[in-house]
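Peer 1: what follows is a protein structure lacking sequence information:
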């Protein structure tokens, strides 16, 4: 497929997402390298980091960069930080002691490919790699040194929030209400979306009200993404999703759909996406693709 | 117990280790905070980071700092970075899919206290916290910004080495030879000892030949520490160790003792400690306590 050049005026969102995904995938492949023989952890890291995915979170980072005049190619390590955190969290989510999922992205889950021990160790090493990327990515963007240390703590805080959200999700009572679901998924999913946008903003030199608007957008987009996840587990197509559907019900898990029904969850999704979209209004036309991303999440099938 | 003031001339190693352990423990307690109700991951992080231990690795960092005229209290976060990486690795080591250990430090292993999912998530969050501490610790020591980014990668490389070493250890053939055992344990144990010394050196402004000597010392000390671990699993006292002995044999694991016998392993330990001690010779009398630490490892019972 021939891709448009970066940030061409009027570029479609589909083109931009494909372009940014290529950029991220190429860099991820370099970052994790080619594993040698007798290197099970490296081989597992490679699988986890390079298995085909939407790369929506790193794309969010780079769409923010481009919206504010930055070059995606200059900030791909910031985006890869986000994606490596995400990749490592997926390995943990699938473990027998968590969601006990056999499939991910149309392939066996990592622990089904290489055993539980190696999968856990690979997730650990990927997280370490993600965090190590950050200082250099911020330095390259000329973020002030003091701000860089603060951002390392911010990343750790997001990782911790994801871990807390996952632990709470595993224990969610069937009687969960909106406040509880929102609290769990703001941590489990929303926090990394927010960080993805924040990193894009920080490397592009965005701060103040514009940064706040982007964070509000990302928080609501991330939560809406989780609602669509729950919807797709009921209404989606297993082949498109690359994993079986009906897992949440099988696990007896409280989800936005189990609590509000399909229509209620769809309304909530739309409401969250409207809030996300409205948050961008003060930022003007440069955020057109970010606004389009809300429709992408609304209609996603994978 | 009344402790001598820091770096008093002629302070005993026992006193210095107790003093530095207190310093590290006090800071760890602050870093992980007091978990609230309904915060299983935070509670598990607290247990993992504050359960009583020798704190040998962070003490190594701070002994190096003091040997070169620094104040331990100024660099305790560098030491805590090392200890949090260590604490998180112990949680993983004990998991059912790894060593399947029920006890650690005289208490149930973390996954026996709070379940496997929460234990894995707590280990993950602790690693994130460890890495986040580093930039600030290096900045406080006025390490140059470029060096700080490089050190973030260095820490990630050590975490990855530990993960690779652990994966190889789980698959070690009973026919392992010295070269293979050394390769596995240089990664699994030696790498973090080396990093502990390196961090102490870097925050104290030590470089060049002196740094190289400290690294050689720490590498050999760490390997000797692992040999004593294998020895104590055969000859040690379960109550002193806080965990049952005979686990290696029960798991059919190749160890320095299974390969070389008790006497062979003891000789190897002594040889490694002699090499460690000799590496310090060019650094003069200021490394007296570091040299004494080799005897401490030789005679340790816990």
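Peer 2: All right, it came through fine. The model shown is predicted, which means the values in this text are computed figures rather than measured ones.
Peer 1: so where's the stretch 51-200 of chain A uncertain?
Peer 2: Judged against pLDDT under 70, the stretch 51-200 of chain A has no low-scoring part.
Peer 1: for it, just list every one of the strands.
Peer 2: A:103-104, A:107-108 (DSSP state E, counting those that start in this stretch).
Peer 1: chain B contacts on the stretch 151-300 of chain A?
Peer 2: Neighbours of chain B within the stretch 151-300 of chain A, by CB under 8 Å from any CB of the partner chain: A:152-153, A:155-157, A:159-160, A:163-164, A:166-168, A:170-171. To be clear about C-beta, it is placed using only N, CA and C from the backbone, and glycine gets the same treatment.
Peer 1: go again with 10 Å.
Peer 2: A:151-168, A:170-171, A:187 (CB under 10 Å from any CB of the partner chain).
Peer 1: got a list of what the closest residue to residue A:148 other than its chain neighbours touches?
Peer 2: In space, and not counting its chain neighbours, residue A:148 is closest to residue A:138: 4.6 Å by CB to CB, 6 or more residues apart in numbering or on different chains. The neighbours of residue A:138, taking CB atoms under 10 Å, 6 or more residues apart in numbering or on different chains as the test, are A:75, A:77-78, A:81, A:144-145, A:147-149, A:151-152, A:199, A:202-203, B:135, B:145, B:149.
Peer 1: residue A:38 - that's part of a strand, no?
Peer 2: No - assigned with DSSP: H, G, I helix; E, B strand; the rest coil, residue A:38 falls outside any strand and is coil.
Peer 1: got the phi and psi for it?
Peer 2: Phi and psi for residue A:38, reported as degrees, to the nearest 10, are phi 70, psi 30.
Peer 1: next: residue A:205.
Peer 2: Residue A:205 adopts backbone torsions of phi 80, psi 20, taken as degrees, to the nearest 10.
Peer 1: equivalent analysis for residue A:98, please.
Peer 2: Here is the backbone geometry of residue A:98 (degrees, to the nearest 10): phi -110, psi -110.
Peer 1: contacting residues for the residue nearest to it when sequence neighbours are not counted?
Peer 2: The spatially closest residue to residue A:98, leaving aside those adjacent along the chain, is residue B:117, at 5.2 Å (CB to CB, 6+ apart). Residue B:117 makes contact with A:92-93, A:95-99, A:163, A:166-167, A:170-171, B:40-41, B:44, B:111 under the criterion CB under 10 Å, 6+ apart.
Peer 1: tell me which residues touch the residue of the stretch 201-302 of chain A found nearest chain B, please.
Peer 2: Of all residues in the stretch 201-302 of chain A, the one sitting closest to chain B is residue A:251 (12.6 Å; CB to the nearest CB). Going by CB under 10 Å, 6+ apart, residue A:251 touches A:99, A:100, A:101, A:170.
Peer 1: from the residues you listed, which two are the most distant?
Peer 2: A:101 and A:170 (12.7 Å; CB to CB).
Peer 1: joint contacts of those two?
Peer 2: Common neighbours of residue A:101 and residue A:170, using CB under 10 Å, 6+ apart, are A:93, A:251.
Peer 1: sorry, back to before: most neighbours among the contacts of residue A:251, please name it.
Peer 2: Each of these was scored by neighbours using other CB atoms under 10 Å in any protein chain shown; the highest score is residue A:99's, at 21 neighbours.
Peer 1: how far away is residue A:183 from chain B?
Peer 2: Relative to chain B, residue A:183 is positioned 10 Å away (CB to the nearest CB, to the nearest Å).
Peer 1: ok, and the closest non-adjacent residue to that residue?
Peer 2: Ranked by CB to CB, 6+ apart and with sequence neighbours excluded, the top spatial neighbour of residue A:183 is residue A:168, at 7.6 Å.
Peer 1: that neighbour: how many residues sit nearby?
Peer 2: Residue A:168 - counted by other CB under 10 Å - has 21 other residues nearby.
Peer 1: that one and residue B:88: what is the separation?
Peer 2: 20 Å (CB to CB, to the nearest Å).
Peer 1: and residue A:93, what is it in contact with?
Peer 2: Taking CB under 10 Å, 6+ apart, one finds A:99, A:100, A:101, A:104, A:109, A:123, A:162, A:166, A:169, A:170, A:188, B:117 in contact with residue A:93.
Peer 1: find the residue at the geometric middle of chain A.
Peer 2: residue A:57 (3.7 Å; CA atoms, centre = their mean).
Peer 1: wait, that residue sits on residue A:82?
Peer 2: Yes - using CB atoms under 10 Å, residue A:57 is in contact with residue A:82, at 4.8 Å.
Peer 1: quick check: neighbours shared by these two?
Peer 2: Joint contacts of residue A:57 and residue A:82 (CB under 10 Å, 6+ apart) are A:24, A:192, A:193, A:195, A:196, A:197, A:199.
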